[in-house]
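Chemist: What shape does this take:
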Amino acid sequence: MRITRKGHAIHLDQCAYLQKVVERCGMLNAKSASTPLLAGYYAAKNTEPVDADLRSHFQTVIGSLLYLMLGTRPNITFAVTHLSRHAANPSQDHLKKVLYICRYLIGTSTYSLVYNGGSGAGLIACTDSDWGSDPTSRLLQTGFYLKLADGWISWTSHVQKTIAYSSTEAEYMALSNCTCQVTWI
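Modeler: Numbers count the residues shown, from 1 in each chain. As a prediction, this is how the structure comes out:
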């Protein structure tokens, strides 16, 4: 991770590590993508027998993306966590979508987290949920982020363990998770 100070702002990035990931995936000359994941994409469970080589390749790439996501790239959180659920038995489609995330990162390789000490911005929290997006289990996806000094300090995106019976209940569950994190901070 590279830390750079410019005036009152501190920039955090993982550009060098991202370059290594792109090289390892053989995507140095790949075209960039405008989003981390295609809109409306749902990663269905693979019912075919496990392909050990495919699984190893998928786990290598998804592991690298998880490291980037946790360090400085909250913008890929949903896409990476959505696909990482299939690490035990990925399909070719799952691998293609993980490499699509890499293409997005190629186009946004200079992005960094910026903490502006001169902004005077306090703690800001935002949360949302996606009620019923999983057609098989009907579990909802929730996520939140917290910002301090205009920079992200905490973020997550995950599937809830219980089913919400309405969009209002789904929003309440997301708000409850976010509130717990705000209280802890």
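
Chemist: confidence score at the most centrally placed residue in the chain?
Modeler: Nearest to the geometric centre of the chain sits T77, at 1.0 Å (Cα atoms, centre = their mean). Looking at T77, its pLDDT reads 92.

Chemist: ok, it touching H158?
Modeler: No. If you go by Cβ atoms under 8 Å, T77 and H158 don't touch, sitting 9.1 Å apart. Bear in mind the C-beta positions are built from the backbone N, C-alpha and C, glycine included.

Chemist: any idea which helix or strand comes after the helix or strand hosting S56?
Modeler: For S56, the host element (DSSP states H and E) is helix 52-71. Counting by DSSP H and E, the next helix or strand C-terminal to helix 52-71 is helix 77-84.

Chemist: what's the angle between that following helix and helix 52-71?
Modeler: 160 degrees (axes from the mean of the first three to the mean of the last three Cα atoms, to 10 degrees).

Chemist: contact partners of helix 77-84?
Modeler: Contact with helix 77-84 is made by 36-37, 43, 62, 65-66, 69, 94, 97-98, 101, 104, 141, 143, 155-158, as judged by Cβ atoms under 8 Å, 6 or more residues apart in numbering.

Chemist: next one: that helix to chain centre, how far?
Modeler: Centroid displacement of helix 77-84 relative to its chain, using Cα atoms, centre = their mean, to the nearest Å, is 5 Å.

Chemist: and it, which residues are buried?
Modeler: For helix 77-84, a neighbour-count test (16 or more other Cβ atoms under 10 Å) marks 77-84 as buried.

Chemist: what's the span of stretch 2-21, first residue to last?
Modeler: 16 Å (Cα to Cα, to the nearest Å).

Chemist: er, stretch 16-33 actually
Modeler: Stretch 16-33 end-to-end distance (Cα to Cα) = 20 Å.

Chemist: Check the model's average confidence along that stretch for me.
Modeler: Here the average pLDDT along stretch 16-33 is 93.

Chemist: Within the helices and strands, which one has the nearest residue to G151 once chain neighbours are set aside?
Modeler: Distances taken as Cβ to Cβ, 6 or more residues apart in numbering place Y115 nearest to G151, at 3.6 Å, with adjacent residues excluded. Using DSSP H and E, Y115 falls within strand 113-116.

Chemist: could you dump that strand to CSV, C-alpha only?
Modeler: The C-alpha atoms that make up strand 113-116 are tabulated as CSV, following Å, rounded to 0.1, in the frame of the first residue of the first chain:
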residue,chain,number,x,y,z
LEU,A,113,-8.8,6.6,-0.9
VAL,A,114,-8.4,10.3,0.0
TYR,A,115,-8.6,11.6,3.6
ASN,A,116,-8.9,15.4,3.6
